[in-house]
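Engineer: Model the structure of this input:
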Amino acid sequence: MISKETLFALSLFPYLGFLWFLSRVPQVPRLALIGFYGTLVFVAITIPAELYAQSAYGKSLANVDWLHGSAEVFLTLTNILIVLGFRKAIIQAKQKNEEGQS
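Structural biologist: Predicted coordinates:
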């Protein structure tokens with residue numbers, strides 16, 4: 001049986017591939033791309049936070065509120081960047097479309 005840690009580590013490879021392809025698509029908004037890369041940073045942050053929660057408190061990260069909350073705030077910020085990036089792209093596309101119809 002595959003451990004959850006192994007499965008978690010293996011799941012990084014498809015995400016790295018996703019980032020690689022996404023970074024080569026010129027239509028992807030830069031702010032959204034930064035948000036997607038921030039999600040990778042979130043993962044890099046949560047791994048040592050999980051280890052610290054285990055060693056200092058003997059609990060998983062999800063059960064140490066201040067650590068878990070801090071990690072979730074960072075994830076929320078990356079999600080906001082993604083949404084704002086695509087929102088800006090949609091607004092720009094609408095403006096371009098309206099200018100073309102005039």
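Engineer: Spatially central residue for the chain, please.
Structural biologist: Thr39 (2.0 Å; CA atoms, centre = their mean).
Engineer: just so I have it, where are all the helices in this structure?
Structural biologist: Listed in chain order, the helices of the chain (DSSP state H) span 4-22, 30-52, 65-101.
Engineer: residue ranges with poor pLDDT in this protein?
Structural biologist: 102 (pLDDT under 70).
Engineer: picking that back up, out of the helices of the chain, which comes closest to Gly58?
Structural biologist: For Gly58, the closest of the helices of the chain is helix 30-52, at 11.3 Å, according to CB to CB. (Each C-beta comes from the backbone N, C-alpha and C, glycine too.)
Engineer: Show me what that closest one is packed against.
Structural biologist: helix 4-22, helix 65-101 (3 or more CB pairs under 8 Å, 6 or more residues apart in numbering; DSSP states H and E).
Engineer: right, so these: which one is the most enclosed?
Structural biologist: Of all the helices and strands packed on helix 30-52, helix 65-101 has the most neighbours on average by mean count of other CB atoms under 10 Å, namely a mean of 13.
Engineer: Which secondary structure elements does that one sit against?
Structural biologist: For helix 65-101, the packing partners by 3+ CB pairs under 8 Å, 6+ apart come out as helix 30-52.
Engineer: Pipe the helices and strands packed on helix 30-52 into CSV and attach distance to Val43 per row.
Structural biologist: Converted to CSV, these look like this (distance: least, CB to CB, whole Å):
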stretch, distance to Val43
helix 4-22, 7
helix 65-101, 9
